[in-house]
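Q: Give the three-dimensional model of this entry:
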Amino acid sequence: MDNSTGAESKCIKKLYQHSQNRIGLDQTFEYSAILFFVVGMGFGTSYSITHVDCLDWVHTGYWKRVARGLLGVTITGGLFILIKTTTIIDPDTHYFIHHALPALSFSLFIYGLFPLICKRIGLVDDSSHIFDEQSKSQIAVIASNLPSERRRVLS
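A: Modelled structure (predicted):
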């Protein structure tokens, strides 16, 4: 008679249980899934930043920012619920479908595709004229504080 199967089943139960020590298999998967989010964020940002100016994104009007937020929550929330409703028995596939894939795809969407969609549908204002006027006035203030021989160089 071999007692290893009894001990093995106890170990497997301990491995899969949630606990405060954060060494269970599920918790390790959850904490390592953040790496997928960071990778998606890096690739998404490097793609979208060439098409959408980050200052335009920030200085857009209040109601457009609210609309962007609601649109983003609706899309990602719907996809998240869809993914979480799938039942998977295999732990490796469960990890990939429920943790790694959402982290990677959502961060790629949020930082890469979503800003492009918002710009395309008009939820990002073009604020370059505001910054041009501000920079001209700042240069004028700086130039007025310079000695007269240096002012001639700037004008």
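
Q: looking at the chain, which helix or strand is least sure?
A: helix 148-154 (a mean of 52; mean pLDDT, DSSP states H and E).

Q: Please spell out which residues along the helix or strand containing Tyr95 are buried.
A: Assigned by DSSP states H and E, Tyr95 falls within helix 91-95. Within helix 91-95, the residues scored as buried using 16 or more other C-beta atoms under 10 Å are Tyr95. Yep, even glycine has a C-beta here, placed from its N, CA and C like the rest.

Q: Kindly report the same for stretch 46-55.
A: Buried, per 16+ other C-beta under 10 Å, within stretch 46-55: Tyr47, Ser48, Val52, Asp53.

Q: can you map out the helices along the chain?
A: 4-16, 25-48, 54-58, 62-84, 91-95, 101-108, 114-120, 128-144, 148-154 (DSSP state H).

Q: between these, which gets the lowest average pLDDT?
A: Of all these, the minimum mean pLDDT falls on helix 148-154 (a mean of 52).

Q: can I see the domain layout of the protein?
A: 4-124, 129-155 (automatic domain parsing).

Q: just checking, Phe43 touches Ile110?
A: No. Phe43 lies out of contact with Ile110 (C-beta atoms under 8 Å); the separation is 11.7 Å.

Q: Give the residue from the two that has the larger number of neighbours.
A: Neighbours per residue (other C-beta atoms under 10 Å) separate Phe43 from Ile110, with Ile110 holding more: 19 against 15.

Q: Distance check, that one against Phe37.
A: As judged by C-beta to C-beta, to the nearest Å, Ile110 and Phe37 stand 9 Å apart.

Q: Ser9 too?
A: 34 Å.

Q: again, but for Gly78
A: 19 Å.

Q: neighbour-wise, which of the two wins?
A: Phe37 (20 against 10).

Q: so who does the more buried one touch?
A: Ala103, Leu104, Phe106, Ser107 (C-beta atoms under 8 Å, 6 or more residues apart in numbering).

Q: residues near the second one, how many?
A: Burial measure for Leu104: 21 neighbouring residues, criterion other C-beta under 10 Å.

Q: That one contacts Gly42, doesn't it?
A: No. Between Leu104 and Gly42 there is no contact under C-beta under 8 Å: 10.9 Å.
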